[in-house]
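# sequence? don't have it. structure:
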């Protein structure tokens, strides 16, 4: 007996002197992103940044996705360079859906270089895209994931991919098919991801700064959230490409490399929230609930 | 030869006289809901309706879910009856996340009947719930569907179910575990469905009217969307149960029976949008993108 007690005592003392290593506290998604090395961030081309200034002084910055909608994006760039949206306005804000803006069916002629009837850029070939799979199921497509900094849904068998409609996604307003829209009227998602629009309309990018300027606007009172009176429209001062702003005024942004380790860790953390607040990690996430981190380039 | 031609001619004439029946034009989800028979609508108990009036005159109506969070819901009803939220305000609005309101950590004593430390009503037993399965995959749970008018995620093997966090869902603000919140501070979802919160916090209901009053508020500038100055808070005039309003002032609502045929057709249509605007039906939908229709009771 005495031996056992002595052994127990030694075991206990031993235990006290060699404590178990502390379990590292799980990093939150924000912590993972903040700790990502400089090389994990990819600069965004200022020619792919659309800067919308509202007359009241607010600014909305949109990153364009030429790899997914090249003709529509080229149109938008041409329209911005031609200052096409002088006098434009936000004329539709529908709760849990979209804010939409443009010249609102004015008869302004297209500037040079604008394709009046673009092809339907609603999906593209999977070939050539580097994919980081989400790793969890998606109700709308065989697979979901990320490519080149963008959230996508894709079909490995069918060989196609499309940008997903997520909160802050930007797409091209169009009439009924065969109209595909030109890019003259754009909308941003301000509610739950309307994934049913995927592959039915051209997604051209996402709002990366200032989405709250759109999401906090009064909702329109007409059907589909259109403002009833033109006096309710929210006037736009100018829409320009960041590349065409003077360097001192030009905002610059970078996005987390979706092919890198930091991004993979971020998605995993979004799928398994386990920090102090959470009790039960979900063990999964939908592609729109793990948005690609984009930030202002640090000075 | 002549015989074959004659036979062909007869066949063609026959085809012309018996045209194929026209393919019925697909009904949109809204058309299906509008055409649902009166018996497909279930009246909502006015004791389960929380009516929040803002000092500026706006009104937000919340339907409570006692089947899923009975103690928290009973607390909320007791607080409303005791006029506990006199002087309360909306003090946090975080973009693509939540608006939150209450007395904001005032030291007001709890009225009689309020349970100061409710159990963690973050999920419940599946047993006893009639389920209409969604029929499509869900990234956060083995199954998703609807029960008694509510969107749920559930685990047939584990025997549990929980309300899903969707746009306009209402939940109970709490501190770190083991705090489960009382119902004194509430939040509503104003962005993409934050499903990672499921099973980590008590969901007590949903906003059924006036969500735009919350979603269109200015966003807070402090961390997590808290308003910096108390002067920015949006003051609440009163929060009362509809049952405690005079009959002439009492709003009355009904919801589509999730165990009925009209609801099933509605979900199917949400998953297969095929009306004039759409080109490619999705063939799937997530539970938050097919919200249960709720409307004012027709006069």
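Nice, thanks for sending it over. Everything quoted here is computed from the prediction, not taken from an experiment.
# how about the residues of the stretch 101-250 of chain A that lie near chain B?
Counting by Cβ under 8 Å from any Cβ of the partner chain, the stretch 101-250 of chain A comes close to chain B at A:120, A:122, A:136-141, A:166-168, A:176-177, A:190-196, A:198-200, A:211-212, A:215-219. Glycine gets a C-beta too; all of them are placed from N, C-alpha and C.
# centroid residue for chain A?
Residue closest to the mean C-alpha point of chain A, counted by Cα atoms, centre = their mean, is residue A:206 at 4.6 Å.
# what's near enough to touch that residue?
Residues in contact with residue A:206, defined by Cβ atoms under 8 Å, 6 or more residues apart in numbering or on different chains, are A:62-63, A:65, A:166, A:168-170.
# For residue B:275, state which of these is nearest.
residue A:169 (21.7 Å; Cβ to Cβ).
# Would you mind measuring from the residue lying closest to the closest one once chain neighbours are set aside to residue B:176?
Spatial nearest neighbour of residue A:169, excluding adjacent residues (Cβ to Cβ, 6 or more residues apart in numbering or on different chains): residue A:189 at 4.8 Å. In this view, residue A:189 and residue B:176 are 32 Å apart by Cβ to Cβ, to the nearest Å.
# now swap in residue A:113 and tell me
To residue B:176, residue A:113 is 57 Å away according to Cβ to Cβ.
# Repeat that for residue A:156.
As judged by Cβ to Cβ, residue A:156 and residue B:176 stand 42 Å apart.
# try residue A:132
On the measure of Cβ to Cβ, residue A:132 and residue B:176 end up 33 Å apart.
# the more surrounded of the two?
Neighbours per residue (other Cβ atoms under 10 Å in any protein chain shown) separate residue A:132 from residue B:176, with residue A:132 holding more: 18 against 10.
# Backbone dihedrals for the more buried one, both of them.
Per-residue torsions, residue A:132: phi -110, psi 110 (degrees, to the nearest 10).
# What residues are bridge-paired with it?
Beta-bridge partners for residue A:132, by DSSP bridges, are residue A:146.
# correct me, but it touches residue A:265?
No - if you go by Cβ atoms under 8 Å, residue A:132 and residue A:265 don't touch, sitting 11.7 Å apart.
# Could you check how far residue A:155 is from residue A:127?
Per Cβ to Cβ, residue A:155 is found 12 Å from residue A:127.
# With residue A:197 instead?
24 Å.
# Next: residue A:94.
Counting by Cβ to Cβ, the gap from residue A:94 to residue A:127 is 36 Å.
# hmm, back to that, the residue nearest to residue A:169: what's it in contact with?
With Cβ under 8 Å, 6+ apart, residue A:189 has these contacts: A:97-98, A:165-171.
# Any chance of CSV for the residues you listed, columns neighbour count and secondary structure?
Output for those, formatted as CSV (neighbours: other Cβ atoms under 10 Å in any protein chain shown; DSSP: H, G, I helix; E, B strand; the rest coil):
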residue, neighbour count, secondary structure
A:97, 19, coil
A:98, 25, strand
A:165, 27, coil
A:166, 24, coil
A:167, 24, coil
A:168, 29, coil
A:169, 26, strand
A:170, 27, strand
A:171, 29, strand
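# now, among those residues, which is nearest to chain B?
Of all the contacts of residue A:189, chain B sits closest to residue A:167, with 4.3 Å by Cβ to the nearest Cβ.
# Would you agree the closest one is in contact with residue A:289?
No - counting by Cβ under 8 Å, residue A:167 stays clear of residue A:289, with 9.2 Å between them.
# Between the two, which contacts overlap?
With Cβ under 8 Å, 6+ apart, residue A:167 and residue A:289 have common neighbours residue B:192.
# Check which residues of stretch A:133-151 are buried.
Neighbour-count burial for stretch A:133-151, counted by 16 or more other Cβ atoms under 10 Å in any protein chain shown, picks out A:134, A:136-141, A:143-151.
# any low-confidence regions in chain A?
Scanning chain A for pLDDT under 70 picks out the ranges A:1-18, A:23, A:25-26.
# go with 90
Chain A contains residues with pLDDT under 90 at A:1-26, A:57, A:87, A:105-108, A:177, A:274-276, A:299.
# Could you chop it up by domain?
A:24-43+A:254-287, A:45-123+A:167-252 (automatic domain parsing).
# ok, residues contacting stretch A:132-145?
For stretch A:132-145, contacts defined as Cβ under 8 Å, 6+ apart pick out A:131, A:146-147, A:151-158, A:162, A:164, A:195-196, A:198, A:258-259, A:263-264, A:267, A:271, A:284-287, A:290, B:136-139, B:282-286.
# need the helices for the stretch 101-250 of chain A, in chain order.
Assigned by DSSP state H, counting those that start in this stretch, the helices in the stretch 101-250 of chain A fall at A:211-215.
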